[in-house]
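[1] Let's see this in three dimensions:
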Amino acid sequence: MGLFLFVQMGIVRILALFPNFIEDYYSNGLYPVISKGFRYVFGWLPFSFGDVMYAVLIFIALREIVLLFKSRFKTFKLFAIRTLALASIVYGAFHLLWGMNYYRLPLHESLSIDAEYTTEELVALTEKLIAKSNALYDQLAINDTMAVEMPLSRSEIFSQTLVGYDALRKQFPKLDYPPKSIKTSLLSYPLSVMGYSGYLNPITNEAHINGLVPDYRHPVISCHEQAHQLGYAKENEANFIGVLSTLNNENLHFQYSGSIFALRYCINDVFRRDSELGEQLRDQIRPGIFANYRLSREFWDGMDNPLEPVFKLFYSSYLKANNQPAGMKSYSYMVALLVNYNKSFPTSI
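    Prediction:
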């Protein structure tokens, strides 16, 4: 059983050479059936079945390691066989139930938009997001220096996400989301320590948000994880879909959450290209928007720990292993998608 792991790895690598095949027969064929089925099975539960499953697996793994040491490695052969067999099962389940989406067509190709953009095009979108973010802030903030607060409960946020995806379906018929299966992770503190705002369990297809992050970010995080559920495995593409679904939501707090999230990426990209221009654009942003940004920065600064570089290295390696060769830097691809999508569909951003 364990040796089958290497056979599976070979099959995955061969299939990865045919993104059109993956797009047509897996991402838009088999996977939607799998995803919707698991959302029906686990979505109604008030807790995360996947989190409980992870906790049990971690307990079993630690127990096996303790028993190995107690036997003074006399059972190492059996331990190695079991470990390899488990790795084979997990690898196969991961790719069959979700992971093959990493090898589908790049989103800009399936949307028939460009992947490159000029500084002028970037600035045009950034100015548009500044105007939109400022206008939303003026409607939602108590005064011009305080952060916008989220009046919706988490359950209300989870239900409201469906409104944005339903609106997006007019442009993207494939974004047929219901039934929903999104929850607050039982492992929010470990996620915070590792630096994650949320995650999708690829085995149970449950989307999770980190309930400890500042609540103004919950809408865009929720929509991001739901984009993963819908088969957009790459982080940059899930960011893009998450932003679109918040901007197209009727709820102003959703729009604000997505708008300032996208704005942060765009303004950082402008700074990388032209720092003086970046400063000019930054000065146009309402001070209260920076108050929201500070909430996030202070939260993550409070979670700094000696293992954070290890977690980041691990996750960057994970991204590279799953068809995102730029690792964590690949997140900037979202800006390219936003810029070029804005050129083709200016009323959607």
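
[2] show me where pLDDT drops low in the protein?
    Along the chain, the model assigns pLDDT under 70 to residues 1-2, 305-331.

[3] can you pull out the strands in it?
    182-184, 198-200, 207-209 (DSSP state E).

[4] Between those, which one is closest to Ile65.
    Ile65 sits nearest to strand 198-200 of all those, at 24.1 Å, using CB to CB. For every residue, glycine as well, the C-beta is placed using N, CA and C.

[5] other SSEs contacting that closest one?
    strand 207-209, helix 218-229 (3 or more CB pairs under 8 Å, 6 or more residues apart in numbering; DSSP states H and E).

[6] Not counting its neighbours along the chain, what's nearest Ala238?
    Ala227 (4.0 Å; CB to CB, 6 or more residues apart in numbering).

[7] er, Pro46 actually
    The shortest distance from Pro46 to any non-neighbouring residue, by CB to CB, 6+ apart, is to Lys183 (7.9 Å).

[8] ok, the one you found to Ser35 distance?
    16 Å (CB to CB, to the nearest Å).

[9] Also Val213?
    25 Å.

[10] for Tyr117, same thing?
    31 Å.

[11] same thing with Asn201?
    In terms of CB to CB, Asn201 sits 12 Å off from Ser35.

[12] who has more neighbours, these two?
    The neighbour comparison of Asn201 against Ser35 (other CB atoms under 10 Å) goes to Asn201, with 25 against 20.

[13] Please name the nearest non-neighbouring residue to the more buried one.
    For Asn201, the closest residue by CB to CB, 6+ apart turns out to be Gly50, at 3.3 Å.

[14] Could you do Ile241 as well?
    Sequence neighbours aside, Ala227 is the residue nearest to Ile241 in space, at 3.7 Å (criterion: CB to CB, 6+ apart).

[15] what's the answer for Glu206, then?
    Nearest non-adjacent residue to Glu206, counting by CB to CB, 6+ apart: Gly50, 4.8 Å away.

[16] Also Leu247?
    Gly258 is the one closest to Leu247 (CB to CB, 6+ apart), at 4.9 Å.

[17] deepest of the strands of the chain, which one?
    Highest mean neighbour count of these: strand 207-209, a mean of 28 (counted as mean count of other CB atoms under 10 Å).

[18] Quick one: list the elements packing against that strand.
    The contact analysis (3+ CB pairs under 8 Å, 6+ apart) places strand 207-209 against strand 182-184, strand 198-200, helix 218-229.

[19] ok, that strand: who's next to it in the sheet?
    Here strand 207-209 has these sheet partners by DSSP bridges: strand 182-184 (parallel), strand 198-200 (antiparallel).

[20] Show me what the first one is in contact with.
    By CB atoms under 8 Å, 6 or more residues apart in numbering, the list of residues contacting strand 182-184 from outside reads 43, 45-48, 154, 158, 161, 206-209, 211, 222, 225-226, 229.

[21] tell me the domain boundaries of the protein?
    4-103, 107-348 (automatic domain parsing).

[22] okay, these, which one's buried deepest?
    domain 107-348 (a mean of 19).
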